[in-house]
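In: What follows is a predicted protein model with its sequence.
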Amino acid sequence: MMAAKPKPPAASGPAGQSVLPALLSRPYPAVMGVLNLTPDSFSDGGQFATPERALAQARRMIAEGADIIDIGAESTRPYGSEPISAEEELKRLQPVLSDIVALGVPVSIDSMKSAVVAWALGQGAAIANDVWGLQRDSGMSGLVAERGAPVIVMHNRERADPAIDIMQDIAAFFARSLDIAAKAGISSDKVVLDPGIGFGKTPEQSMTALARLGELQSLGLPILVGASRKRFISTVTPSEPHQRLGGSIAAHLLAAQNGARIIRAHDVAETVQALRVAAAIRERQ
């Protein structure tokens with residue numbers, strides 16, 4: 001297997017320290033820039049599918065202030081995506097991942113497949129980002145524990161159900177994920193929670209999750225929010241994905257106010273500016 005070769009812990013930065021403490025210690029949230037190597041992602045599918053374009057976009061986002069580059073090679077959009085094999089996912093990642101890692105900013109691997117995550121961590125990716133919260137691939141939790149990598153645990157559902165209390169569902173899902181993590185030996189200081197805005201939720205439920213985000217702070221773990229260009233924005237003001245910058249920033253500012261410590265965004269420069277200005281203003285209250 002590609003992941004079998006022993007390597008230094010991938011969750012370490014240049015100074016040999018875990019990447020999370022530095023990312024979470026600032027007065028404003030860290031910004032995770034989205035890099036999709038896919039032909040069919042909901043917002044930017046196909047734009048960065050070649051290695052040259054992907055590397056150029058990673059460089060651009062770092063110059064704009066991205067603290068993390070989140071690289072994914074399979075579309076996990078909540079509606080209309082087509083599953084691909086681990087082999088196809090790796091085929092998209094292999095020409096570019098090591099070059100992006102070499103840029104010096106922590107890289108998270110956005111994949112629900114342990115084989116893909118194992119390979120990516122072995123190539124220097126620092127964080128595992130699992131959109132099924134350790135509950136889809138039975139090998140994921142053991143892999144993450146073995147490598148000592150931080151993991152983003154995202155809430156998800158097969159389909160939206162408007163009849164449920166979405167916050168209760170998120171809490172129950174996280175309880176299951178955290179139990180899996182603990183049994184695998186994943187340290188709690190390596191876990192980040194993501195309520196999964198837009199995934200298995202109606203637009204109204206996505207907005208509820210944002211409005212009640214503060215309730216998740218009782219779990220005592222850092223929270224990531226990715227509301228960038230999501231469909232719920234268009235239910236408030238009709239818009240296509242590339243027209244949702246204002247709504248994305250509004251959602252992310254509220255998320256930061258309610259405790260989010262990492263913001264996942266397509267529009268890095270604008271998001272960084274908004275978060276840092278808001279933090280500077282708050283310091284003067």
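Out: Received the coordinates, thanks. Numbers count the residues shown, from 1 in each chain.
In: counting contacts, what elements does the helix or strand hosting M207 pack onto?
Out: According to DSSP states H and E, M207 maps onto helix 203-211. Packing contacts for helix 203-211, counted by 3 or more Cβ pairs under 8 Å, 6 or more residues apart in numbering; DSSP states H and E, involve helix 166-184, helix 232-236, helix 245-257. Heads up, the C-betas are built off the backbone N, CA and C, glycines and all.
In: and of the ones you listed, who's closest to I69?
Out: helix 245-257 (17.5 Å; Cβ to Cβ).
In: Quick one: the strands in the chain, in order.
Out: Taking DSSP state E as the test, the strands found in the chain are 30-36, 68-72, 107-110, 127-130, 151-154, 191-194, 223-225, 260-265.
In: okay, the helices and strands packed on helix 203-211, which one's buried deepest?
Out: Greatest average neighbour count among those goes to helix 245-257 (a mean of 20), per mean count of other Cβ atoms under 10 Å.
In: Dump that one to PDB, restricted to CA.
Out: What follows is helix 245-257, C-alpha atoms only, in PDB (Å, rounded to 0.1, in the frame of the first residue of the first chain):
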ATOM      1  CA  LEU A 245     -19.700  36.600  -1.500                       C
ATOM      2  CA  GLY A 246     -21.800  39.000   0.600                       C
ATOM      3  CA  GLY A 247     -23.900  36.300   2.100                       C
ATOM      4  CA  SER A 248     -20.800  34.100   2.800                       C
ATOM      5  CA  ILE A 249     -19.100  36.900   4.700                       C
ATOM      6  CA  ALA A 250     -22.200  37.700   6.700                       C
ATOM      7  CA  ALA A 251     -22.600  34.100   7.700                       C
ATOM      8  CA  HIS A 252     -18.900  33.800   8.600                       C
ATOM      9  CA  LEU A 253     -18.800  37.000  10.700                       C
ATOM     10  CA  LEU A 254     -21.800  35.700  12.700                       C
ATOM     11  CA  ALA A 255     -20.100  32.300  13.000                       C
ATOM     12  CA  ALA A 256     -16.900  33.900  14.300                       C
ATOM     13  CA  GLN A 257     -19.000  35.900  16.800                       C
END
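In: Could you list every helix and strand that that helix packs against?
Out: Packed next to helix 245-257, using 3+ Cβ pairs under 8 Å, 6+ apart, are helix 203-211, strand 223-225, helix 232-236, strand 260-265, helix 268-283.
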